[in-house]
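K.L.:
I'd like to go over a predicted model; first the sequence, then the structure.
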Amino acid sequence: MSDSEKKKDCGCNKKKTKIRQLTEEELKKQSTPVNKMTMVKSFASAIVSRGMTNKKTTEPIKRLRVLSCLGNEHLDGELPPCQHLQQSKTEGKYFCGGCGCGDSARTWLLAESDEYSKLDYPNLNCPLKMPGFSNYSASEAHEAEEPVTRKYYIENMSFTDIEKVPVTTHENPPEPKKE
């Protein structure tokens, strides 16, 4: 293989995708309305899915959730973070500003070591219905028009790029055997 053929295969000539942020109007239109009843139902559903054994979602789903919330710019990718992403008062922590849950240890998107984070819940809703979340809905045709939306971009990422997203999903203790 010649040097020019190797360059073509390495990905360095890959066209950079233009990703657009939603306008305020689009953000409001696509976001699930936040009211007390919606918040309570969503929270209750997440808690029930966690169960008594602290069940966690799978690694592939958590990777999609991390991409949906945090993007991959911090990993030298081109996907910016969600517009709802808010920095916590606690350094290094982030929470969703679109779901109405606020800033507290139990609402931080990612946690340290064996702690349980918001993105660990098996059943979890996103105000924008992004990939990886229980209420996910596919992008619409107009979202594929350049510049593409974040949702469309994630839906069309290669499996190998998604696998590069580092996540921790610590093992749960085995459930007791029934006699």
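P.N.:
Cool, got the structure.
K.L.:
wait, what's in contact with the closest residue to Arg50 other than its chain neighbours?
P.N.:
In space, and not counting its chain neighbours, Arg50 is closest to Tyr121: 5.7 Å by C-beta to C-beta, 6 or more residues apart in numbering. Every residue, glycine included, has its C-beta placed from N, CA and C. Taking C-beta atoms under 8 Å, 6 or more residues apart in numbering, we find Tyr121 in contact with 46, 49-50, 56-57.
K.L.:
which stretches of the protein form helices?
P.N.:
Counting by DSSP state H, the chain has helices at residues 3-9, 24-30, 36-50, 59-70, 150-155, 159-163.
K.L.:
State the mean pLDDT of the second one.
P.N.:
Mean pLDDT, helix 24-30: 80.
K.L.:
burial count for the closest residue to Lys129 other than its chain neighbours?
P.N.:
Leaving aside its chain neighbours, Lys129 sits nearest to Ser137 (4.4 Å; criterion: C-beta to C-beta, 6+ apart). Look at Ser137: counted by other C-beta atoms under 10 Å, it has 13 neighbours.
K.L.:
distance of the residue nearest to Arg50 from Asn54?
P.N.:
Distance of Tyr121 to Asn54, given as C-beta to C-beta, to the nearest Å: 10 Å.
K.L.:
Find the residue at the geometric middle of the chain.
P.N.:
Nearest residue to the geometric centre of the chain (C-alpha atoms, centre = their mean): Arg65, 2.1 Å.
K.L.:
Return the residues in contact with that one.
P.N.:
57, 119, 124, 126, 130, 132-133.
K.L.:
Could you rerun that using 7 Å?
P.N.:
119, 132-133 (C-beta atoms under 7 Å, 6 or more residues apart in numbering).
K.L.:
my guess is Asp103 contacts Phe95, does it?
P.N.:
Yes - the criterion here is C-beta atoms under 7 Å, and Asp103 meets it with Phe95 at 5.1 Å.
K.L.:
neighbour-wise, which of these two wins?
P.N.:
In this view Asp103 and Phe95 are compared by other C-beta under 10 Å, and Phe95 has more residues nearby, 24 against 16.
K.L.:
Okay, and the beta partners of that one?
P.N.:
Gln86 (DSSP bridges).
K.L.:
That one against Gln87, yeah?
P.N.:
No - counting by C-beta under 7 Å, Phe95 stays clear of Gln87, with 8.3 Å between them.
K.L.:
Nothing else from me, thank you.
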